[in-house]
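1. Here is a sequence with its predicted model. Questions after.
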Amino acid sequence: MLDFIKKRYNILIPVFLIIVLSVALILYNREYKNNRYAKTEDSEVYQYFSGVKMEYTASISRNKKDVILEYTPKDYVVNLDSIPIYIKDKDRVIFPKEMSIVLPLNNREYQVNALAEIYKENNLYYLNLRDLNQSFDHAFLYDGKDLYFFIDSVSITVGSEEINLSPLSYLTCTHNSLLEYYDKETDTYGQIDVENSALVTNDYMTINVNTDRIIYNDGFLLLTNDFSALQKVTEIEN
């Protein structure tokens, strides 16, 4: 066998390279087609604007990996800022604008492209976007301004008042001392005046949403509003 390889060395090497290049080309074409393929369907969705629930139909295009390529509201003109879009009767949430995902236990913050989606499957919460479909816990999303979206359950403490939010809920805390929140499980929207500070807590983090800081025993992490300075979430090493 060894003699056979030695005698045909000059022939086998080019053949081997052709096979490797052919396999690589097939895999590349398959990945390219998966990303370029688009299936468009109409979905019933809703968002809350200043406490008012707006339900409408949206045209959503996805590739073969279920990544959202395009999102277009139908019948209504909708201001697509950072307010999460909920797909009706499903545990799926779309983020129309660029966000960051924050991992408090690791003291890290990553950039997330627009049209990312979080969905629940087998009691796990997945972040799905181009080049990433990964489950996350102990994390939240932040729009760089006033909006916090929570993957886990949290409690909001304002003075002596406490408000519990279920997973896939969010809040906004503006600089005019008004905190607004949406609870996914009960589909309720509320607001509360904040005199000093509002703290969001659970078993692994404490956030002061007035100052945009994660509080630790020996210091704090100030969340950024410059997402261009962040590493992309797709570059996280598993």
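-> Structure received.

2. Only C-alpha atoms from now on, for both contacts and neighbour counts.
-> OK.

3. give the contact list for Ile163.
-> Neighbouring residues of Ile163 by C-alpha atoms under 8 Å, 6 or more residues apart in numbering: Ser155, Ile156, Thr157.

4. Heading C-terminal from the helix or strand harbouring it, find the next helix or strand.
-> According to DSSP states H and E, Ile163 maps onto strand 161-165. Following strand 161-165 in sequence order, the next helix or strand is strand 169-173 (DSSP H and E).

5. between whatever helix or strand comes next after that following strand and strand 169-173, how big is the angle?
-> Later in the chain than strand 169-173, the nearest helix or strand by DSSP H and E is strand 178-183. Orientation check (axes from the mean of the first three to the mean of the last three C-alpha atoms, to 10 degrees): strand 178-183 against strand 169-173 gives 170 degrees.

6. and Tyr56, what are its bridge partners?
-> Counting by DSSP bridges, Tyr56 is bridged to Val45.

7. ok, now Gly219?
-> Beta-bridge partners of Gly219, as defined by DSSP bridges: Tyr216.

8. Kindly report the same for Lys232.
-> Those that pair with Lys232 in a beta bridge, by DSSP bridges, are Gln111.

9. Look up how far Ile94 lies from it.
-> 18 Å (C-alpha to C-alpha, to the nearest Å).

10. circling back to that earlier point, I'd like to know which of the contacts of Ile163 are buried.
-> Ile156, Thr157 (16 or more other C-alpha atoms under 10 Å).

11. Pick out whichever of Lys232 and Ile94 has more residues nearby.
-> For Lys232 versus Ile94, neighbours defined as other C-alpha atoms under 10 Å are more numerous around Ile94 (22 against 16).

12. Okay, now the unreliable bits of the chain?
-> Within the chain, the segments meeting pLDDT under 70 span 1-37, 175-176, 237-238.

13. My read is that Leu199 contacts Asn208, right?
-> Yes: the criterion here is C-alpha atoms under 8 Å, and Leu199 meets it with Asn208 at 4.7 Å.
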